[in-house]
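Undergrad: next comes the sequence, and after it the predicted model I'd like to discuss.
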Amino acid sequence: MKKLAFILMASSILLVSCGNSKKKEAPKKVSAKVEKKATPAAKADPVAGKKLFGSKGCTACHHETAKIIGPPVKEIAAKYAEKKADVTKFLRGISPAIVDTDPTQVAIMKNNIDTMVKAISDADLSNIVAYINSVK
Ligand code: HEC
């Protein structure tokens, strides 16, 4: 007898996955939260302002109570309080001098406004002004 060799044709089921190979490249949207720092107009600090008044060179001409070249800080504070004027405006070149209006004197300080004061940041200047205004 002939051995019937059963050749089992193993039908290989090709599982061709016709699915579109969409690689789910999930864009990891880890949205970098640019947290806007709520900078609540940092309170002006007269102590820091006093230090800046020295480090920025103002003390070369301004003493607290005595006149050197410029008027004493005390006098500036008193005048600005009396006139309800704004020291910042003067230092930013917006308003004119009210303490010492002598043209030669004004020219000296004007030169500072255009150079040394210009280089001072608003934050630093607000501290300096807080210091000036605090001198009694
Ligand atoms: C080279 C000398 C000199 C330096 C340095 C100087 N000042 Fe003066 N400053 C003067 C003179 C002079 C006056 C008077 C003229 C005037 O009032 O504008 C004056 C006046 C002022 C006044 C009064 C302005 C007014 O209304 O009359 C303020 C405020 C002032 N200075 C702030 C500063 C500050 C802040 C600095 C430092 C960043 C500084 N000064 C550096 C010479 C100087």
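TA: Everything's here; your move.
Undergrad: alpha carbons only for contacts and neighbour counts from here, please
TA: Noted.
Undergrad: which parts of the protein sit against the ligand?
TA: Counting by C-alpha under 6 Å from any ligand atom, the chain comes close to the ligand at 53, 56-58, 60-61, 69-71, 76, 87, 97-101, 105-106, 108-109, 117.
Undergrad: now do the longest helix along the chain, average pLDDT.
TA: Counting by DSSP state H, the longest helix found in the chain is helix 122-134. Averaging pLDDT along helix 122-134 gives 98.
Undergrad: equivalent analysis for stretch 61-70, please.
TA: Mean per-residue pLDDT for stretch 61-70: 98.
Undergrad: okay, now the unreliable bits of the protein?
TA: Within the chain, the stretches with pLDDT under 70 are 1-42.
Undergrad: tell me where it has helices.
TA: Per DSSP H, the chain carries helices over the ranges 46-55, 73-82, 87-91, 103-112, 122-134.
Undergrad: helices or strands next to the longest one in the packing?
TA: When contacts are defined as 3 or more C-alpha pairs under 8 Å, 6 or more residues apart in numbering; DSSP states H and E, helix 122-134 packs onto helix 46-55, helix 73-82, helix 87-91.
Undergrad: please repeat the previous calculation with a cut-off of 6 Å.
TA: In terms of contacts (3 or more C-alpha pairs under 6 Å, 6 or more residues apart in numbering; DSSP states H and E), helix 122-134 is packed against helix 46-55, helix 73-82.
Undergrad: redo those helices as TSV? Include distance to residue 65 and mean neighbour count.
TA: What follows is the helices and strands packed on helix 122-134, written out as TSV (distance: least, C-alpha to C-alpha, whole Å; neighbours: other C-alpha atoms under 10 Å):
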stretch	distance to residue 65	mean neighbour count
helix 46-55	14	17
helix 73-82	6	18
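Undergrad: output the ones you listed in CSV, with distance to residue 127 appended to each entry.
TA: Formatted as CSV, the helices and strands packed on helix 122-134 follow (distance: least, C-alpha to C-alpha, whole Å):
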stretch, distance to residue 127
helix 46-55, 4
helix 73-82, 14
